[in-house]
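1. pasting the sequence and the predicted coordinates here, then a few questions.
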Amino acid sequence: MAATFPFSPKEVYYIGTWRRTPYRADADPLCLNGLQKAHLSTFDEDVGQLWKVQPHQYAPNAFIIECQEVGEARFLTGSLILSASQNDACVFLFDLVPSLRGRSCDVSVRIRPASKPELILCSTESTRTVQFMTQCDADQPDPQGSFVHNIAWEFSPDVDVPQGSSAIEATEALAVPDSMPCPEWPMSLVEPALPQVVEPALPQVVEPALPQVVDTALDSLTPHPHHVPHLRSPPHQNTPSTSPVPPLSPSGPIPSAYMGGLPSPRQITSAITAPPGRVFRAGSATQAASAQPAQPSRLSQAQNIQKLFA
């Protein structure tokens, strides 16, 4: 029995809750307290939270527990109250479970009464109560999906309290969970780093280059044979013109091609009113006259005008 029994009869233990309920940073660690009736209390209570474990002959994993410093009534019964008689003590069975805090001196177990092994000694930290429950009832979650009841306990041996130190300072290493994760409840409070979301680079939109519009010089175009250039067309310089009449420049000098080449308004009027035999040429000092003057007809006027521009 000594080889399989994990508790020492000489040690005094804190029986802390094996917490699987949601962790609260402002909540104190709780342990089993036997004063008046079994319940949960903090580790720094004055009395009722220290226990001795004694093996029992009922089975290799059977034991009874005895509360310390509470007077004559110190054995925990099946009604979860203390009794002065050891014969009234409830015989418990333990089943080893994974360690909560990972300390080699701690013993984590699930406790069942030998008379009703289908029940489990459970704790409810929200109400600080202790009760027997079935596994099915103890696993019922709250509306948020979290466990409400703890179904295991962790026995931690007491340590010597230095003079002038409080009980909570002496048991802080035993009661406060460390950062080691356990199988059912993550003890670490470090939030996982969020994955970095890298936004994809937007494709660069290259606008197509606009075609360059080059103004074509008017003198590079071949004019129509019957086209009369506009008066505001630029003059041709040092380039022989293929047009019968070179263009005029509104601001530059009149080209030499126009000097004496076009009739004046008076000459045009004379050509219209002149007799049919008379011909006027621009820039000419001599005129051919008809022997017999007569009134010009419309045909002769058109012919005279055509000859002026010939």
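-> Arrived safely. Numbering: from 1, shown residues only.
2. use CA for all of it now, contacts and neighbours both
-> Noted.
3. in the stretch 151-300 of the chain, where is pLDDT below threshold?
-> Where the stretch 151-300 of the chain drops to pLDDT under 70, the residues are 160-198, 211-299.
4. could you rerun that using 90?
-> Low-confidence segments of the stretch 151-300 of the chain, defined by pLDDT under 90: 158-300.
5. residue ranges of each domain in this protein, please.
-> 13-175, 257-310 (automatic domain parsing).
6. and Ser300, that one's in a strand?
-> No - read with DSSP: H, G, I helix; E, B strand; the rest coil, Ser300 is helix and lies in no strand.
7. quick check: the gap between Leu82 and Gly71.
-> Applying Cα to Cα, to the nearest Å, the value for Leu82 to Gly71 is 10 Å.
8. those two - which one has more neighbours?
-> Neighbour tally, Leu82 and Gly71, criterion other Cα atoms under 10 Å: the higher count belongs to Leu82, 24 against 9.
9. list the helices and strands the helix or strand where that one lies packs on?
-> Element membership of Leu82, judged by DSSP states H and E, is strand 82-83. The contact analysis (3 or more Cα pairs under 8 Å, 6 or more residues apart in numbering; DSSP states H and E) places strand 82-83 against strand 75-76.
10. for the strand it packs on, packing partners?
-> strand 62-67, strand 82-83.
11. return the longest one as PDB; C-alpha atoms alone will do.
-> Yep, that's strand 62-67 we're talking about. C-alpha atoms of strand 62-67 as PDB (Å, rounded to 0.1, in the frame of the first residue of the first chain):
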ATOM      1  CA  ALA A  62      -9.100   4.500  -0.200                       C
ATOM      2  CA  PHE A  63      -8.400   7.200   2.400                       C
ATOM      3  CA  ILE A  64     -10.100   9.500   5.000                       C
ATOM      4  CA  ILE A  65      -9.300  13.100   5.700                       C
ATOM      5  CA  GLU A  66      -9.000  14.900   9.000                       C
ATOM      6  CA  CYS A  67      -9.300  18.600   9.500                       C
END
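12. who's in contact with it?
-> Contact with strand 62-67 is made by 34, 48-56, 74-76, 89-94, 114, as judged by Cα atoms under 8 Å, 6 or more residues apart in numbering.
13. re the thing from before, what's the closest of the helices and strands packed on strand 75-76 to Pro9?
-> Evaluated over the helices and strands packed on strand 75-76, closeness to Pro9 peaks at strand 62-67, with 10.1 Å, by Cα to Cα.
14. avg pLDDT for that closest one?
-> For strand 62-67, the mean pLDDT works out to 96.
15. now for Asn33, how many residues are close by?
-> What Asn33 shows, counting by other Cα under 10 Å, is a neighbour count of 24.
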